[in-house]
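Asks: Kindly return the folded structure for what I paste below:
(one chain, ligands or ions: 1)
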Amino acid sequence: MLNFEKVSIHNFSKVPEPCRFCLYWQTKGELQNAASKKDVEKEELKWLSIVEKTFGNCIEIASLNGTTIGFMQYALAKYFPRVEDYFSGPLGEDAAFIACLYIVDKDQRRRGYGTVMLEKLLKELSGRGFKAVETFARMGSENKKTTRLIH
Ligand SMILES: CC(C)(COP(=O)(O)OP(=O)(O)OC[C@H]1O[C@@H](n2cnc3c(N)ncnc32)[C@H](O)[C@@H]1OP(=O)(O)O)[C@@H](O)C(=O)NCCC(=O)NCCS
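Replies: Down below sits the predicted model:
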């Protein structure tokens, strides 16, 4: 069974790699390649403290038998500048945008955990009053830029 934990600036170190050192959605590419992991994490924490205050919880991790296997990041699209690089859209201004729903351990994929994570997140967002949830789905592989906007 999966256990879920909300992530704030206080327990951010629990976020698994590579998500802990990833600013893909929060930037438009600046920093990501040149900066050290420490610098990236510092920026990530800066972003998180702003979003926590204005949007509320926006990161959640999922663990299996004590090991973190999944990561979810979501907020209003305006907090993720990278969305502007995608041709799919436009995104709703008041919809929750799921920037990332990721199972870090490849051996744990295709076992139904992603479905459980998504269902948990949709329930939570609906409880927070969101009438719409959107995401981009990559076609083929996780590195492809071809996307579909999903409502
Ligand atoms: C995408 C991901 C979150 C799905 O979670 P999962 O636990 O593997 O998926 P599930 O076992 O719950 O399967 C859910 C459905 O998605 C389908 N699916 C899962 N991975 C898929 C893939 N790579 N391509 C196509 N379909 C896929 C399953 O077949 C299943 O469909 P069904 O209900 O019709 O049978 C997970 O595989 C993952 O993190 N993949 C790599 C990263 C990625 O692409 N993340 C998204 C962008 S950051």
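Asks: And residue 127, how far from residue 96?
Replies: The spacing between residue 127 and residue 96, counted by C-beta to C-beta, to the nearest Å, is 11 Å. C-beta coordinates here come from the backbone N, C-alpha and C atoms, glycine included.
Asks: more crowded one of those two?
Replies: Set residue 127 next to residue 96 and count neighbours by other C-beta atoms under 10 Å: residue 96 wins out with 24 against 8.
Asks: Thought residue 129 was touching that one, still the case?
Replies: No - here residue 96 does not reach residue 129: they are 9.7 Å apart, not a contact under C-beta atoms under 8 Å.
Asks: tell me which element the most centrally placed residue in the chain falls in.
Replies: In the chain, the residue lying closest to the centroid (C-alpha atoms, centre = their mean) is residue 73, at 2.1 Å. Using DSSP states H and E, residue 73 falls within strand 67-76.
Asks: and that strand, which residues are buried?
Replies: By neighbour count on 16 or more other C-beta atoms under 10 Å, the buried set for strand 67-76 is 68, 69, 70, 71, 72, 73, 74, 75, 76.
Asks: Residue 17 and residue 76, how far apart?
Replies: 26 Å.
Asks: Fine by me, thanks again.
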